[in-house]
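Colleague: here are the coordinates; sequence isn't available:
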RNA sequence: GGCCCGGUGGCAGAGUGGCCAUGCAGCGGACUGCAAAUCCGCGUACGUCGGUUCGAUUCCGGCCCGGGCCUCCA
């Protein structure tokens, strides 16, 4: 019933059927955060999108057969700078940021990855990889640095689709004098006395950013190549290009990963969200105003390779769509722990390069089917399918009634206060005193409570 | 300057060589004491100019516009 999975590979620039190298061990690596500040909604996109990929692969190959690695970069210049600025120890900054990151990821409904390695715990593997590159003539030592020599790899530039001349012509950063070639990049750099550092054959120092991922990916997913390597589009160059250079040259492999997946940017009013533009919005800020599940749905509302605009309208629409779906579950008394049923609609959609908009359309179709069904049996069947299908997207896992009557914001009516007013209104309606009944309804509406009179005389309510 | 993506109805956002996305908003109707929710119906959408074709929003080319990357960046 379900079709084969096809994914767009950045390297070949084509949608290609996905066949795992080893179906018993499907291997995925996603570049995780550099932990110097809380993540913004742009950072959240790969988190959620590739969580859906993780769920899809688990569904297709078995939960225990998918290895999903998402690293944590906890040594980096930006971390050193931020800790200095805050006047706090580096470890305090990184530990706190990691805690915040995990809280954000959980709020967005992301499953924990199989492995979440920290760069500082894999310095040994990085040094080993650098030694191999030196021994094979792909790297050299200069003034305490170890540099990867880009001309030693003829295939360099394939992923990003640029040749050497372009790179040189486009270079906008001053070239360090010790570089043999302007494109050469750092594998290891010396550390000042007040900076974090580790002993190495080249003196006390710390790793370059790119070598971290090469080392951790191989440590958990080796031998090369593994199945999928993913991240944001801005990582294509130089980060992923350099990872490929390091890993492939060290292991004499043509490929580091069979599939390279890259998500598009989150935009603010049509522009990239970036600190330099001053338009970043942290996930934590959005979570103060919208349920995490609504943020997740919004992040999946456009195809992952397209740009996605962040706006109140878009987030509100996502929240309202969830309301519609949760109403269907609540109306049909679908229990929170009911796994629901699976018709394969969402899976079919996702198999076409993670077509989440089509998957969401399928969920709307199931909601409509439930709402318009003639018999209670048909209604419940569609509602249970909605629940089961949504699970593959990591949605609709909450208690429906609780979601619709979510925690009362400060200063508004408690659930008991709402029920008390509903009891008075019921008496008024029974006495056909509609003026009183409507006054109570207006009072509740002003407090954000919307009523729904049912044919059987009872009244449902939701909090807006 | 080089390279890469896009331009779809009021908005968001899929997709397809000829027929349907989907959601929100809007309009009309059903239901309701009135609402809300829900359902039914409605709206001559594919940047522009050429080409290929029986037929193009969909393929090809030019142009215009927008966004991104070119060693901080999800």
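Modeller: Yep, it's here. Please read all numbers here as calculations on a predicted model, not as lab measurements.

Colleague: show me what contacts the closest residue to RNA strand B within chain A?
Modeller: Here chain A gets closest to RNA strand B at one residue, residue A:232, 1.3 Å apart by Cβ to the nearest atom of the strand. (Glycine included, C-beta is placed from N, CA and C.) For residue A:232, the contacting residues are A:31, A:42, A:45-46, A:262-263, A:265, by Cβ atoms under 8 Å, 6 or more residues apart in numbering.

Colleague: near RNA strand B, which of those residues show up?
Modeller: When contact is defined as Cβ under 7 Å from any atom of the strand, those meet RNA strand B at A:31, A:42, A:45-46, A:263, A:265.

Colleague: I'd like to know which of those residues are part of helices.
Modeller: Restricting those to those inside helices, with DSSP state H as the criterion, leaves A:42, A:45-46.

Colleague: Just the buried residues from these, in ChimeraX please.
Modeller: To isolate in ChimeraX the members of those that are buried, counting by 16 or more other Cβ atoms under 10 Å, one can use:
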select /A:42,45,46
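
Colleague: Could you pick out the residues of the stretch 251-400 of chain A near RNA strand B for me?
Modeller: By the criterion of Cβ under 7 Å from any atom of the strand, the positions of the stretch 251-400 of chain A lying close to RNA strand B are A:263-267, A:270-276, A:301-303, A:305-309, A:313-314, A:317, A:320-321, A:324, A:327, A:352, A:355, A:357-358, A:360-361, A:364-365, A:367-368, A:371-372.

Colleague: run the last query once more with 6 Å
Modeller: Applying Cβ under 6 Å from any atom of the strand, one finds that the stretch 251-400 of chain A approaches RNA strand B through A:265-266, A:270-274, A:276, A:301-303, A:306-309, A:313-314, A:317, A:320-321, A:324, A:327, A:355, A:357-358, A:361, A:364, A:368, A:371-372.

Colleague: Narrow those residues to those in strands?
Modeller: Taking DSSP state E, the ones among those that sit in strands are A:266, A:271-272, A:308-309.

Colleague: Show me which of the residues you listed are buried.
Modeller: Buried subset of those (neighbour count, 16+ other Cβ under 10 Å): A:266, A:272, A:308-309.

Colleague: picking up where we left off before, would you mind giving me the PyMOL syntax to select the buried ones in the residues of the stretch 251-400 of chain A next to RNA strand B?
Modeller: Of these, the buried ones can be selected in PyMOL as follows, counting by 16+ other Cβ under 10 Å:
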select buried, chain A and resi 265+266+272+273+301+302+303+308+309+314+321+327+355
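
Colleague: What ranges does the stretch 351-464 of chain A have for its helices?
Modeller: Listed in chain order, the helices found in the stretch 351-464 of chain A under DSSP state H, counting those that start in this stretch are A:356-372, A:376-391, A:400-404, A:415-430, A:434-446.
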